[in-house]
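Participant: Show me the folded form of this:
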Amino acid sequence: MRRYSFLISAMAVVALVFASITVSSAAPGVRNYGPFAGGSPDSGTCGNDWADDTYSRFFKVVTDGTNGTYTVTEDFRQGSFVTHQGPSPAACELGTNSMVAEGISGKLSGTFNIIVSNGTYSATATIQDFDHDMKIGTADFIRSIFGDKATYVVEHFNFQYTTKNNGSWINSDAGNSGDIVSNP
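Facilitator: Numbering: from 1, shown residues only. As a prediction, the model looks like this:
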């Protein structure tokens, strides 16, 4: 009888361990990608390209597998910008004639919070430059990791721009603030 009791106890322990492994494997997963070198013109509230940006992109994918959507955070780090002469980034929102001079430089950082639908996540997919612009952009990353049928929406964004002597500007879905001008 002792042998059977020991065997039943051992089987119960194995079943408990297996159950805990199954539960933990169903927990949300997080996978990080990057850095990917990037750069783009930057539009202000007047629609103008007030600056050229350079940055490194980092992506974090969170999978929970419950409703067929995925959360992706795209961080823009180690960024810088150089201005073009013209209206300042906040000029049209503020209703001013604020101008920015050519060649003002500063630092930038930012984040996109993205919801991806209609895709199939492949954690080990090769990230491809589909538009052949020599940079991995948001669309390239989403298509590479989630497939051709994936769709996405940037739910939230927040970018911060700072200069030594010409002000700072926050461009956010929650509202913009500040400005970068030639003579603050």
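
Participant: Please name the bridge partners of the residue nearest in space to the middle of the chain.
Facilitator: For the chain, the residue sitting closest to the mean C-alpha position, by Cα atoms, centre = their mean, is Glu74 at 1.0 Å. Note on Glu74: beta-bridge partners by DSSP bridges are Phe59, Phe112.

Participant: which ones are touching it?
Facilitator: Listed by Cβ atoms under 8 Å, 6 or more residues apart in numbering, the contact set of Glu74 reads Arg57, Phe58, Phe59, Thr111, Phe112, Ile114, Thr138, Phe141. (Glycine included, C-beta is placed from N, CA and C.)

Participant: same deal with Gln85?
Facilitator: Counting by Cβ under 8 Å, 6+ apart, Gln85 makes contact with Met99, Val100, Ala101, Glu102.

Participant: In space, what's closest to the third one - neighbours in sequence excluded?
Facilitator: In other words, Ala101. Excluding the flanking residues, the one nearest Ala101 by Cβ to Cβ, 6 or more residues apart in numbering is Ser182, at 4.3 Å.

Participant: so Tyr121 makes contact with Val61?
Facilitator: Yes - at 7.0 Å, Tyr121 counts as touching Val61 under the criterion of Cβ atoms under 8 Å.

Participant: So which residues of the chain form strands?
Facilitator: Ranges of strands in the chain, per DSSP state E, are 29-43, 49-63, 70-83, 86-87, 99-100, 105-117, 151-162, 167-172, 177-180.

Participant: Figure out how far stretch 155-167 is from the centre of its chain.
Facilitator: Computed by Cα atoms, centre = their mean, to the nearest Å, the chain-centroid distance of stretch 155-167 equals 16 Å.

Participant: Next: stretch 80-91.
Facilitator: 23 Å.

Participant: ends of that stretch, how far apart?
Facilitator: End-to-end distance of stretch 80-91 (Cα to Cα, to the nearest Å): 21 Å.

Participant: so what's the residue nearest to Ala101 up against?
Facilitator: Contacts of Ser182 (Cβ under 8 Å, 6+ apart): Ser88, Met99, Val100, Ala101, Ile104, Asn166.

Participant: want to throw those residues into JSON lines with pLDDT and neighbour count?
Facilitator: Output for the contacts of Ser182, formatted as JSON lines (pLDDT from 0 to 100; neighbours: other Cβ atoms under 10 Å):
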{"residue": "Ser88", "pLDDT": "96", "neighbour count": "28"}
{"residue": "Met99", "pLDDT": "94", "neighbour count": "15"}
{"residue": "Val100", "pLDDT": "96", "neighbour count": "27"}
{"residue": "Ala101", "pLDDT": "96", "neighbour count": "14"}
{"residue": "Ile104", "pLDDT": "97", "neighbour count": "21"}
{"residue": "Asn166", "pLDDT": "96", "neighbour count": "21"}
